[in-house]
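[1] okay, predicted coordinates and the sequence, questions at the end:
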Amino acid sequence: MVSNRFLRSLANLPATAVAATSVLIAGGKCGYSPGHGLFVCEGSPLAQQGGTTVGDVFLTNEISKDEVLDGTANSEALLSHETRHAAQWAGHGNLLYPILYGVEALKSTVLTGSYGCANWFEFDAGMQEGRYSSC
């Protein structure tokens, strides 16, 4: 996966723009985690389950962006998990990654009833860090 933050951000620019635009249109709010190179946003219709990373944007819908950014939600591990998803986006590309992730989510749902429990991308990003405690 792409580990250099500048290259990751460059590769993720199209997906990051889509995610940020969805937040702006929905009237949501964003902050930035400089330690992870991620925007953390709330209020996007693209956010699924506890949160979704699109490019370099973590879209949260269960905890506020402020709780994620100030550590109130014990979020260091979660941000590390989402940073790995950002690297997956960069490594697989803005068009291919959502398709591959969707296939893995479908496979996981059929096998376990959960989109994440048998999803290779979630396993790769760290199940415990991603708060998949029921798997």
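    Nice, thanks for sending it over. Residues are numbered from 1 along each chain as shown.

[2] SS state for the spatially most central residue of the chain?
    Centroid-nearest residue in the chain: residue 53, 2.0 Å away (criterion: C-alpha atoms, centre = their mean). Classification of residue 53 using DSSP: H, G, I helix; E, B strand; the rest coil returns strand.

[3] same check on residue 131?
    Following three-state DSSP, the label given to residue 131 is coil.

[4] what residues are up against the nearest residue to the residue nearest to the centre of the chain once chain neighbours are set aside?
    In this structure, residue 53 finds its nearest non-sequential neighbour in residue 85, 3.9 Å apart by C-beta to C-beta, 6 or more residues apart in numbering. Every C-beta, even on glycine, is put in place using the N, C-alpha and C of the backbone. Contacts for residue 85 (C-beta atoms under 8 Å, 6 or more residues apart in numbering) come out as 53, 121, 125.

[5] the same query, at a cut-off of 10 Å, please.
    Residue 85 is in contact with 1, 38, 51-56, 58, 97, 101, 121-122, 124-126, 130, counting by C-beta atoms under 10 Å, 6 or more residues apart in numbering.

[6] hmm, back to that, wait, isn't the residue nearest to the centre of the chain in contact with residue 15?
    Yes. Contact criterion C-beta atoms under 10 Å: residue 53 and residue 15 qualify, at 9.1 Å.

[7] mutual contacts of these two, please.
    Common neighbours of residue 53 and residue 15 (C-beta under 10 Å, 6+ apart) are 86, 89.

[8] number of residues surrounding the nearest residue to residue 35 once chain neighbours are set aside?
    Excluding its sequence neighbours, the residue lying closest to residue 35 (C-beta to C-beta, 6+ apart) is residue 79, at 7.6 Å. Look at residue 79: counted by other C-beta atoms under 10 Å, it has 21 neighbours.

[9] how about residue 15?
    Other residues within reach of residue 15, judged by other C-beta under 10 Å, total 22.

[10] just name the shakiest helix or strand of this structure by mean pLDDT.
    In the chain, no helix or strand scores lower on mean pLDDT, DSSP states H and E than helix 65-70, which sits at a mean of 90.

[11] that one: which residues count as buried?
    Across helix 65-70, burial judged by 16 or more other C-beta atoms under 10 Å covers 65, 67-69.
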